[in-house]
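Novice: got a structure for you, letters missing:
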């Protein structure tokens, strides 16, 4: 440590909010180079490489083959799949000296598709899984938490190519199992949640979320059944349709000054002969969907009045369209939309789509806007008085909601995305016509899966889950060193002894960091705790008496062992 | 090989001109993704990683510490050193979503300087050598020869920081020795040549050039003394000054129609009473030097008339200024410059700089322009009739020129730059005020070295130097596999035997590629030669008789060895 390029800091960095960010900077693992762009110092790089190696081993174990694609990519393939546009501001775009458009790769579906198309031509060549561990770029709107959400980061991305859906499912499950092994080896606590596919396209998809209070992804789970899903992916259980033959006819009421659900409920409880809650009202939210390159579309979203529209769920449901609320100009241009009193029929009668929450099944009776200023309609029956264009998962999901599997209720938790597996299907192979000659002699279009692990993010996730108030604590698989040797004795004999012990540990094929600095034992112990190597050997006052101390960074336990045979004893501890 | 992501090609790629490019593509090591941007397929990646590992081991051996900086960098540090501008079109520039200027790092002097400034504060912290093996970007005007000159490439760059020049020299020599070890381990034939520092700034610098006919760098060497230098770095030996007391006075002659050196020499031989060659004339070339952000400067360059001005040498000499020839407008704006008849005195008399070849020493007598249309001056004596502003290394270097060390003559050769070491001095530490507290209590400005190895380029260089007409040939240190096992026998027993032998080789800790494809022995042998693994084991007709064949890819030698003990025998061959 007297020559190691490492300076620990006493204070948290000013821009750090989450523990992993504070500690990785204070302990000298990473340094900020630009917003969301970090340098890896010696200890950080060792942890990063260790995580990479675990990922590599498990990918190799499922027969995936490692290659390496460039980060600087041509525009054309991303134009062909429309992602050049769809990625929006998240894509780093640039021009080369000739003015040719290029980009920094955020993920490589296009390039892998083209590569397989170029190399393979027969059904005999399939299946294949290719992967890379590579630096990726996304121009995040709010890079945060150090390496947890950076703009330059390391990912393992892999891509499977198969002749049919059964093959795709095999590749998908191989990845699912490999990812479980990876995260278990890294000591990460995680859940697998159903997910939506977002800009990736495709059908089945699951996310691996590390449980963490500082996570940006909210997910829900059902303790009773083990169900877990990204909030965007929760499927609302639809109740059975109700008979409505005996339902009263819809009645329009004068409801001055009831522009909100609360005022409407108050009016209904005083004016109608029954108890009414917000759940009996139907809230219609108007949004404008914008698919790049197309005309914007006004759409009505109907949800029970006791729930808000969750914009993230709505955006996931309408992907790749972006969502905006209507402006005053939009209302002015569409006078049939009466602000605060919009009902289903003005929308449907004017050819606009009206998408409702799955709870709005046939026979349900609603209090909702009557499409006239100051008027609402009561007992408007779905399936009788209006027929929605379709359903949409846009209403907020709440703790206590019924689990989609019907086996209990949902509770919410926060997580950090560390892995994502997708059954993409043919979105990309269609774009590039990735065909091989089938066994029958006819061309077969390949089907594709895409799978990612956030390699550099995992360093932060492990720090986040494993730290304590004294500093970092690394699982053995990824620790920058196996053993931290602290010289806490100024006697020349002890110093020589510590160096000899460090050499013995090295001879046991253990990696060692030796704190040979001219600093007080207290400073050294504090730094050892901050750096987080799981096993520390202290060469201190006991050395003259033939003992050294071994400390466990996770349990805090300390015990003395004889100097004689200390290296072998520590090797046994390290190897478990 | 039946499942390996590898397809060899029969034909050379259309855009390939040099052997390494043709072979690396044909053998399935790399694929082009965009001009100057390549993907590494499984075999290529294995070679690249092997080269990286050799570089890493030798860097670690000199006590250098590995870190990893980002490729996406902020503009400010490069603005501070003016390289944001000086790099010109070679720099990939981009803007992020907020419009902030960023760049893709071509080399990292700025960031390493800032990093050391941030971490270190005392003389006790020094010296330090930091390195990274990292992806770099340069928007080459003419990317060529595949990975030999790409726009995205892998480099090892390291930076030394020292308290004084003696320390810098130590770090420089450590690198010089480490580089020799690296290139020797990789089996690369190279020369070390004196070099100019170019845009890097600084004083001493040497280049490691791999000898190659396809190299873009011309260098010269002296067989007698071992001297070698980049053409840009050749220092012209200046002759002793001559006495000129007895020299005749300069005479202006009417020399109609002698705008070229050849016509002038012809005139002189007919009009003067002596034999005249082009070397007796002084050719004055006018150029405009342009430093970014400054006014252009017209400068006269005087060279003996038997030599051209070498624009690359001139550019290196005036770096960071760019060089342009004068336009008609420039002549019109400076009527004292008489095109075709420019002499030293119009330049000097009008306050312009006049820089001469080192051969133009005091007392030399010249026939040159008289600054009047159609007139030349004879016996113009340097040091008497004109005093140049200074000397410049701008004249072409020719085979047969005297070596600067005076021990022989120069011959020319071509090479590929594979390493470069610089004593930068304080250019960057001044820009960022990288000071530490010295032993005396006063701040000490650090001095810096910068050192690079072209890691991905080395893959092409090795291919270039080691191939033969049948394909690639890899030195053992970097071969993608230790052994290539070819099944050249359709008997089930032989196939099983080959698989068992491959497993035995694997158990000997050798990496093996097994050609288990349903293809003819001829196709398999051709591919084995193309792929270039140094040792091939053929399980063929002899298998039933208890023998397999071992082939050496370098010598072409083939011999039979018993199946019994074959794996151990091959392990012995591989380990030398």
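Specialist: Here it is on my side, so go on. The structure displayed is predicted, hence computed values, not measured ones.
Novice: Quick check: phi and psi on whatever residue of the stretch 451-576 of chain A ends up closest to chain B?
Specialist: In the stretch 451-576 of chain A, the residue that lies nearest chain B is residue A:518 (8.9 Å; CB to the nearest CB). Every residue, glycine included, has its C-beta placed from N, CA and C. Main-chain dihedrals, residue A:518, degrees, to the nearest 10: phi -80, psi 80.
Novice: And the strands in the stretch 451-576 of chain A?
Specialist: For the stretch 451-576 of chain A, the strands defined by DSSP state E, counting those that start in this stretch cover A:483-487, A:512-515, A:535-539, A:547-552, A:558-562.
Novice: So in terms of bridging, what pairs with the most centrally placed residue in chain A?
Specialist: Nearest residue to the geometric centre of chain A (CA atoms, centre = their mean): residue A:417, 2.5 Å. Following DSSP bridges, residue A:417 is listed with bridge partners residue A:209.
Novice: Quick one: residues contacting it.
Specialist: By CB atoms under 8 Å, 6 or more residues apart in numbering or on different chains, the contact set of residue A:417 is A:207-209, A:217, A:454.
Novice: again, 7 Å this time
Specialist: For residue A:417, the contact set (CB atoms under 7 Å, 6 or more residues apart in numbering or on different chains) comprises A:207, A:209, A:217, A:454.
Novice: Same check on residue A:366?
Specialist: If a contact means CB under 7 Å, 6+ apart, then residue A:366 has A:280-282, A:380 as its contacts.
Novice: Now, those that are in strands?
Specialist: Applying DSSP state E to the contacts of residue A:366, the entries found in strands are A:282, A:380.
Novice: Among the contacts of residue A:366, which ones lie close to chain B?
Specialist: Checked against chain B using CB under 7 Å from any CB of the partner chain, the contacts of residue A:366 give no members in range.
Novice: Among the contacts of residue A:366, which one lies nearest to chain B?
Specialist: Distance to chain B across these (CB to the nearest CB) is lowest for residue A:282, with 38.4 Å.
Novice: Which residue, other than its chain neighbours, is closest to residue A:31?
Specialist: Closest residue to residue A:31 apart from its sequence neighbours, by CB to CB, 6 or more residues apart in numbering or on different chains: residue A:39 at 4.7 Å.
Novice: So the one you found sits against residue A:33, correct?
Specialist: Yes: between residue A:39 and residue A:33 there is a contact at 5.2 Å, judged by CB atoms under 7 Å.
Novice: what sits in contact with each of those two?
Specialist: Common neighbours of residue A:39 and residue A:33 (CB under 7 Å, 6+ apart) are B:69-70.
Novice: In a helix, residue A:312, correct?
Specialist: Yes: the assignment for residue A:312 by DSSP: H, G, I helix; E, B strand; the rest coil puts it in a helix.
Novice: Give me the nearest residue to it, chain neighbours excluded.
Specialist: Counting by CB to CB, 6+ apart, the nearest residue to residue A:312 once its immediate chain neighbours are dropped is residue A:232, at 6.0 Å.
Novice: Just to be sure, that neighbour is in a strand?
Specialist: No: assigned with three-state DSSP, residue A:232 falls outside any strand and is helix.
Novice: Now do it, the pLDDT please.
Specialist: pLDDT for residue A:232: 85.
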